[in-house]
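In: Could you look at this predicted model? Sequence included:
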Amino acid sequence: MDAFTFSITTTLFDEDYSPSESSRITTNFANLARGEHRRQNLRNALTMINRRFNDLAHWDNPTRDRYAVELDIVSVQLEFTAEGTDQQFPLLEVLDTQIVDRRTGIRHRGIVGNNFSSYVRDFDFSVLLPAAGGGAGKPVVPQDFGVLHGKLFQHFLDSAAYREHFPKQPVICISVSTSKTYHRTGNHHPVLGVEYQQEEFSLTDEYFAKMGLQVRYFMPSGAVAPLAFYFRGDLLNDYSNLQLISTVSTMETFQKIYRPEIYNANSAAADVYRPSLEAQDYSRTQVDYDRVERSQLAVQQGKYTQEHFIEPHKDVLEQWAAGYPARVA
């Protein structure tokens, strides 16, 4: 019998969305759904996503309002047996996109992944990594850093639960690293835009590699900074143009809200680009987002994971991980 199984639930992300009790409160979309202006936050964010989608899907779309993007929050529970008692733990949350063609009424499957949220990742970055020591910007990385998380993630992708819900592999899209320099190349994709490359991977890139995901960096048309795309397989050929646009429009919008210094800058990235959160020449969106609170809560949630998952089930997790084949992208 498999030591771990998975259950999946979905929640519609719209202007009426409220985070569930099991959602990480630092999850980006959950952060928007809190406070006095929660409904306006959500409405503004969804409007930004739809406008950006129609901007990129401009063919046969003269009024730029043909398409609408619908988002589902996909919550994954890890289920296992330890010490004779059934156990559950909220493993991760991602977003799944659906594309509605308002002209034809046809609905298109988008891409699952997009945003990535994980309690175990909070533990790795906010508890395990600081405990290992090192100076600012130069952490000492433990040898087993991200190994358990990476294997659990890959096990989920290979599970029956994933295959039953999603026909294609996920694509996760996040900000580029402020610790690295990116160089513009001559490669250009009709949707993803111009490709950037860097000389060495960031700690986040290496962490996603342990999850079995490769990375490429693209700056779409009309964007001002490249995005990092993490994927299995062939990013440029495994997905349709509309599917790729759904990820770009969703995650570029979130990054404009979360990191306006980079993604809502008033000038585009140069051929040699070093992103910085210290930049001052940028515009703010009409969406409230508490970045300071988010960083503080990440530590709390990392400690919660340590107390309720890592330590109580240490032996079971170590035994399982030791027998699971190591795969790194």
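Out: Nice, I can see it.
In: Tell me which residues are up against stretch 271-281.
Out: 175-178, 180-184, 196, 225-226, 259, 261-262, 265-267, 269 (Cβ atoms under 8 Å, 6 or more residues apart in numbering). Any C-beta I mention is one placed from the backbone N, CA and C, and that applies to glycine too.
In: Please identify which helix or strand holds V194.
Out: Per DSSP states H and E, V194 falls inside strand 193-198.
In: So what are the sheet partners of that strand and their directions?
Out: If you go by DSSP bridges, strand 193-198 pairs up with strand 182-189 (antiparallel), strand 214-219 (antiparallel).
In: out of those strands, which comes closest to H313?
Out: In terms of Cβ to Cβ, the element of the strands paired with strand 193-198 nearest to H313 is strand 214-219, at 30.2 Å.
In: Narrow the contacts of stretch 271-281 to just the buried residues.
Out: Neighbour-count burial (16 or more other Cβ atoms under 10 Å) applied to the contacts of stretch 271-281 gives 175-177, 180, 182, 184, 196, 225-226, 259, 261-262, 265, 269.
In: all helices of the stretch 151-300 of the chain, in order?
Out: Here the stretch 151-300 of the chain has its helices, by DSSP state H, counting those that start in this stretch, at 160-165, 203-210, 241-258, 260-263, 291-305.
In: out of the ones you listed, deepest packed?
Out: Highest mean neighbour count of these: helix 241-258, a mean of 24 (counted as mean count of other Cβ atoms under 10 Å).
In: tell me the angle of that helix relative to strand 214-219?
Out: 80 degrees (axes from the mean of the first three to the mean of the last three Cα atoms, to 10 degrees).
In: Restrict helix 241-258 to CA atoms and write it as PDB.
Out: Output of helix 241-258 as PDB, limited to C-alpha atoms (Å, rounded to 0.1, in the frame of the first residue of the first chain):
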ATOM      1  CA  ASN A 241      -1.400  29.900 -26.900                       C
ATOM      2  CA  LEU A 242      -4.600  30.500 -24.900                       C
ATOM      3  CA  GLN A 243      -3.300  28.300 -22.100                       C
ATOM      4  CA  LEU A 244       0.000  30.100 -21.900                       C
ATOM      5  CA  ILE A 245      -1.800  33.500 -22.000                       C
ATOM      6  CA  SER A 246      -4.000  32.400 -19.000                       C
ATOM      7  CA  THR A 247      -0.800  31.900 -16.900                       C
ATOM      8  CA  VAL A 248       0.900  35.100 -18.100                       C
ATOM      9  CA  SER A 249      -2.200  37.300 -17.500                       C
ATOM     10  CA  THR A 250      -2.900  35.700 -14.100                       C
ATOM     11  CA  MET A 251       0.600  35.700 -12.700                       C
ATOM     12  CA  GLU A 252       1.800  39.000 -14.200                       C
ATOM     13  CA  THR A 253      -1.200  40.600 -12.500                       C
ATOM     14  CA  PHE A 254      -0.400  39.200  -9.200                       C
ATOM     15  CA  GLN A 255       3.300  40.200  -9.500                       C
ATOM     16  CA  LYS A 256       2.200  43.800 -10.400                       C
ATOM     17  CA  ILE A 257       0.300  43.800  -7.000                       C
ATOM     18  CA  TYR A 258       3.000  42.000  -4.900                       C
END
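In: what distance separates it from the middle of the whole chain?
Out: 11 Å (Cα atoms, centre = their mean, to the nearest Å).
In: Tell me the helices and strands packed up against that helix.
Out: Here helix 241-258 touches helix 28-32, helix 38-56, strand 67-82, strand 85-101, strand 107-118, strand 171-175, strand 227-231, helix 260-263, going by 3 or more Cβ pairs under 8 Å, 6 or more residues apart in numbering; DSSP states H and E.
In: any chance of the ones you listed in JSON lines, with distance to Q143 too?
Out: Shown next, in JSON lines, are those (distance: least, Cβ to Cβ, whole Å):
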{"stretch": "helix 28-32", "distance to Q143": "30"}
{"stretch": "helix 38-56", "distance to Q143": "40"}
{"stretch": "strand 67-82", "distance to Q143": "24"}
{"stretch": "strand 85-101", "distance to Q143": "23"}
{"stretch": "strand 107-118", "distance to Q143": "20"}
{"stretch": "strand 171-175", "distance to Q143": "24"}
{"stretch": "strand 227-231", "distance to Q143": "22"}
{"stretch": "helix 260-263", "distance to Q143": "32"}
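In: Using TSV, please lay out these together with mean pLDDT and distance to Y239.
Out: Output for the helices and strands packed on helix 241-258, formatted as TSV (pLDDT from 0 to 100; distance: least, Cβ to Cβ, whole Å):
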stretch	mean pLDDT	distance to Y239
helix 28-32	60	22
helix 38-56	92	14
strand 67-82	90	15
strand 85-101	89	11
strand 107-118	95	6
strand 171-175	97	7
strand 227-231	98	9
helix 260-263	96	22
